[in-house]
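Chemist: Could you look at this predicted model? Sequence included:
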Amino acid sequence: MRRRTQRQEEIRKIVRRERIRTQRELVERLKPAGFECTQATVSRDITEMGVRKLPEGVYVLAEDLHLQRMIADLVVGVVRSENLVLVKASTGTAPGVAAALDAADLDGVLGSVAGDDTILVLAISAADAEALTDTLDGYRGRPRR
C-alpha cells in the first residue's frame, strides 16, 4: 500500500472516531500513527477524499454524511452490551438506518439486523462495539466518552 493511501486510511479512521475541527488537529493526530506531514499535505488529502466540514465545524467523510443525517434525525437511543449494539429508531425507520449503517462499511462492524424500530448491530469485539456506540452518539450530538 502506498504511503499516501495509508495516510488517507488513517485520516478516515481519525475523522470517524474523533470530532476534528481543524487541519492542524488532524496533522497532530496523524503523528502517533507515524505520519509526519504538513497541513498542506492534509489539505490535499481531505480534498482528494471528499472530506467535508459540517456547519458545526467538524470534519466528516463524504460516505458518512448520509449515515450521520439518518442517525441524527431518526435514532432515539444507543446502548451496548459486549460486542452488540442496540439502536432504537423512530417507528418504521430502522430498516433504512440499518441499510445506511451497513453501507458505511464501518470498521469493526460485521452487520446488522433490523426490525421496525430496533436495530441489532454485531461488532467484532467489545472495543469495536464501544467505538461504534461513541460514533453513533457523536452523530446524535452527544459527547463521546
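Modeler: Happy to help now that I have it. Residues are numbered from 1 along each chain as shown.
Chemist: Next secondary structure after the least confident helix or strand in the chain by mean pLDDT?
Modeler: Least confident element among the helices and strands of the chain, by mean pLDDT, DSSP states H and E: helix 62-74 (a mean of 87). Where DSSP states H and E defines the elements, the next helix or strand beyond helix 62-74 is strand 75-81.
Chemist: Parallel or antiparallel, list what pairs with that next one.
Modeler: Neighbouring strands of strand 75-81 in its sheet, by DSSP bridges, are strand 84-89 (antiparallel).
Chemist: Mind listing what's buried along the partner strand?
Modeler: 85, 87, 89 (16 or more other Cβ atoms under 10 Å). All C-beta atoms are positioned from the backbone trio N, CA, C, and that covers glycine.
Chemist: I'd like the average pLDDT over that strand.
Modeler: On average, the pLDDT along strand 84-89 is 98.
Chemist: With stretch 105-117 instead?
Modeler: In this model, stretch 105-117 has a mean pLDDT of 92.
Chemist: Endpoints of it, how far apart?
Modeler: Terminal residues of stretch 105-117 lie 21 Å apart, using Cα to Cα, to the nearest Å.
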